[in-house]
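# Predicted model and sequence follow; I will ask about them next.
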Amino acid sequence: MKVTVNRKAHFNAAHRLFNKNWSDEQNFEVFGKCSYPNYHGHNYEIIVAVKGEVDPETGFVMNLDELRKIIEVEVEDYLDHKNLNVDIEEFQNVNPTAENIVILIWNKIRAKLATDLELKVTLYETPRNFVEYAGE
Ligand SMILES: Nc1nc2c(c(=O)[nH]1)N=C([C@H](O)[C@H](O)COP(=O)(O)OP(=O)(O)OP(=O)(O)O)CN2
Ligand SMILES: [Zn+2]
C-alpha cells in the first residue's frame, strides 16, 4: 500500500521569457509581456509529493522534516530572490518557463531521495497557472 506525503514551499524570483535568436517583436508575439527586457517577478508556490510504502517501524513514507530540509537547500536556497536568467546556471541557455523550472526542481529533489520513492512536483507560477512534472 503506497501513500503520498506532500510538502508545500515557495520562492520569489525574477525572469524574462525570450528566444535570443528572435527580434523583440517576435518575442513579444510569442511571450507577450513576459518578454519585456527588464524582467518581472513571480511568487512561485510548489507542492512536492513523495509516494512510497509506509515503513511499519516509523509509520512514515519519509520524514517530512527531512523533505522540508531538502526543499530548503535544493529549491529555496538555490532559487529564492534570484534572477533566473542571470543567476541560475541551468537557465543560461534555457528559457525559464514554468515547465523548465519544474523540471529543474524535480531533478534536484530526485537526486536527494531514496530510489524506492516516487516524486511529483507541482509548480504554481501564478495562482491560476501551474505545471506538474513526475519525471516521465
Ligand atoms: N506554457 C507556458 N505558458 C506561459 C508561461 C509558462 O511558463 N509556460 N509563462 C507565462 C508568464 O511567465 C506568466 O505565467 C504569465 O503571467 P500572467 O499573465 O500574470 O498570468 P495569469 O494568467 O495568472 O494572469 P491573469 O491575471 O489571469 O491574466 C505565460 N505563459
Ligand atoms: Zn513570468
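Thanks, I have the structure now. Ligands and ions are numbered 1, 2, ... in the order given.

# Which residue, other than its chain neighbours, is closest to residue 95?
residue 17 (5.6 Å; CB to CB, 6 or more residues apart in numbering). All C-beta spots, glycine's among them, are computed from the backbone N, C-alpha and C.

# can you pull the contacts of the residue nearest the centre of the chain?
Centrality entry for the chain: nearest residue to the mean C-alpha point is residue 102, 3.5 Å, by CA atoms, centre = their mean. Contacts for residue 102 (CB atoms under 8 Å, 6 or more residues apart in numbering) come out as 121-123, 131-133.

# can you rerun that using 7 Å?
Contacts for residue 102 (CB atoms under 7 Å, 6 or more residues apart in numbering) come out as 121, 123, 131, 133.

# so the residue nearest to residue 95 sits right up against residue 35, yeah?
Yes. Using CB atoms under 7 Å, residue 17 is in contact with residue 35, at 5.8 Å.

# can you list the residues of this structure near ligand 1?
Selection of the chain residues close to ligand 1 by CB under 6 Å from any ligand atom yields 17, 34, 97-99, 125-126, 128-129.
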